[in-house]
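Asker: Requesting a structural model of the entry that follows:
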Amino acid sequence: IERIICPHQLDYSLHLTAFIMSEVQSGQAEIKKYQTYALNVDPLQDDKATEIKLCNFSRPHMRAFHCSWFCFFTAFFIWFAIAPLMPEIKTTLGLNKQQIWTSNICSVAGTIFMRFVNGPICDKYGARIPMGFILVGASIPCAMTGLVTNATNLSVLRFFIGLGGSTFVMCQYWTSRMFTKEVVGTANALVGGWGNLGGGVTQLIMGSVLFPLFKLGMSAEMAWRTVCIVPAVVGVAVGFTILKISDDAPKGNYNEMKKNGTMAEVSAAASFRAGAMNFNTWLLFVQYACCFGVELTMNNAAALYFREKFLLTTETAAAIASLFGWMNLFARGVGGFVSDKANAKMGMRGRLWWQTICLVCEGIMVLIFAHSNSLGAAIVLMVIFSSFVQAAEGSSYGIVPYVNPPATGSIAGIVGAGGNTGAVAFGLGFRQLPYYDAFILMGACIIASGVLSLFICIKGHAGLVTGQDSEEAIAAWKKLGGSAPAATTLQVPEPDEDAAAEIEEDKA
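Answerer: You can find the predicted model right below:
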């Protein structure tokens, strides 16, 4: 290295050294599925990738990345296939507003329990297997949509379809298992955002493409009764396929790693208990309810709202409603990126300020949207407030890994369940109140949730206005501000030794 004087050569040498280290550590002495990788990896972080190559599909890292977002995208396709068809279903079954919103609430309530459970399940079994099985399981009731005859049938059916929404936990866990702390934020933001994009695409495909296509050869009633077979078939195909073409972790699948002794058994109960006992987890639970919960509510409400308020056709209303979900293409990633930039300048205090700004701006835009009586203005306002919704989601999961690192899987599951809990709460508002009052109530709740950032106090980190960062935290974020590469978006801290010791004692 003393002979190298060109910075570019020095950078290349360092990459080469890291690659050689990986090759040395991936020799026959260590049992693992892959001895070489298409991406640069960090042997000190369990062979996790240090980079993201979006056009690469190689196993294990990038294959898992693409399987993660596409599975979550498919889950949305199954989950909200009925939403853009609700105007037609309402006419056929003679439903009133309360019955429609009861079914909407059931569609998001079904996944709350599963999100609580999936975090510990991922800690124990990995993300791949539960992801595949839940996709297949949710596809079955989706295919049975044409059999509903009344409001009760519809609500029960949507409850079981909604179980597919719990795949968010596996989506986030899978990429966290594949990428190092230097790039995992980018990975999580991308797969989460692209998966959520399925909500917008589903509105467009089901309401404005497939439904009109099916109507060409049958009545409108027969069309909505049969069109949901399409997302069901896709869900089953994707669910079985990912079990065969992807991996749980860089070094292989969990069952193989446990047999080889390269992975210890994990206590799912102890992990969940550690996450649930942290007060910060529940504050983030409420804040995530006021961003992802709003997104789920809009996925259910938007098409019907635009059709009834502005007297549009089902196809046109669905196309407009899809714009809300399309903001996931970039807004969630931007939210996580800005959060990490704020962290590089101010530490955790920067993340909390950005989280608060996103939530308050989101709430204000909802209040303004509620007062819009022009179709053009309503569309523009919806796009803006949707952008803040997605940004707040990305910001939330920029904070989650810091709460209690040894229990991150369980905390991610609990916070994720907050999103569905929020959708149930807001859904009840839309069920009982006129649209205007429901939007006003939702906007006020969102703004109030931003105030909760004042009470988030994470060990070793400064709060929104009080407390001080520990020396280790200061050293970490100051280093980020001075020399972090452009790809860095989330620095996940090293495990808290005290918390890890508590979990080990629980397991014992």
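Asker: Residue nearest the middle of this protein, spatially speaking?
Answerer: Note on the chain: the residue nearest the mean C-alpha position is G192, at 4.0 Å, using Cα atoms, centre = their mean.
Asker: List the residues that contact that residue.
Answerer: By Cβ atoms under 8 Å, 6 or more residues apart in numbering, G192 lies in contact with 69, 72, 168, 171-172, 332, 393-394, 397. Yep, even glycine has a C-beta here, placed from its N, CA and C like the rest.
Asker: so which of those is the most crowded?
Answerer: R332 (33 neighbours; other Cβ atoms under 10 Å).
Asker: wait, which of the contacts of G192 is closest to K345?
Answerer: Relative to K345, the closest of the contacts of G192 is G394; by Cβ to Cβ it sits at 17.5 Å.
Asker: Distance check, that closest one against L135.
Answerer: Per Cβ to Cβ, to the nearest Å, G394 is found 24 Å from L135.
Asker: Likewise for A274?
Answerer: Distance of A274 to L135, given as Cβ to Cβ: 29 Å.
Asker: More neighbours: which of these two?
Answerer: Neighbours were counted for A274 and for L135 using other Cβ under 10 Å; L135 has more, 28 against 23.
Asker: Any idea how many residues pack against I229?
Answerer: Here the number of neighbours of I229 (other Cβ under 10 Å) works out to 17.
Asker: Report the contact partners of the nearest residue to it once chain neighbours are set aside.
Answerer: Excluding its sequence neighbours, the residue lying closest to I229 (Cβ to Cβ, 6 or more residues apart in numbering) is A143, at 5.4 Å. Residues near A143 by Cβ under 8 Å, 6+ apart: 228-229, 232-233.
Asker: low-scoring stretches of the protein, by residue?
Answerer: Within the chain, the segments meeting pLDDT under 70 span 1-30, 181-182, 185, 476-508.
Asker: I'd like to know how far the residue nearest to the centre of the chain sits from R128.
Answerer: 17 Å.
Asker: How about G200?
Answerer: As judged by Cβ to Cβ, G200 and R128 stand 26 Å apart.
Asker: now swap in V136 and tell me
Answerer: 13 Å.
Asker: L381 too?
Answerer: 40 Å.
Asker: Compare the two and say which is more crowded by neighbours.
Answerer: R128 (26 against 18).
Asker: which residues touch the more buried one?
Answerer: Counting by Cβ under 8 Å, 6+ apart, R128 has contacts 64, 67, 170, 174, 242-243, 246-248, 253.
Asker: rerun at 7 Å
Answerer: Applying Cβ atoms under 7 Å, 6 or more residues apart in numbering to R128 gives the contacts 242-243, 246, 248.
Asker: same question, S410
Answerer: 119-120, 123, 271-272, 274-275.
Asker: Report the spatially nearest residue to it, omitting neighbours in sequence.
Answerer: Closest residue to S410 apart from its sequence neighbours, by Cβ to Cβ, 6+ apart: G275 at 3.5 Å.
Asker: so which strand or helix has the one you found?
Answerer: Using DSSP states H and E, G275 sits in helix 268-276.
Asker: next SSE after that helix?
Answerer: Heading C-terminal from helix 268-276, the first helix or strand you meet, by DSSP H and E, is helix 279-289.
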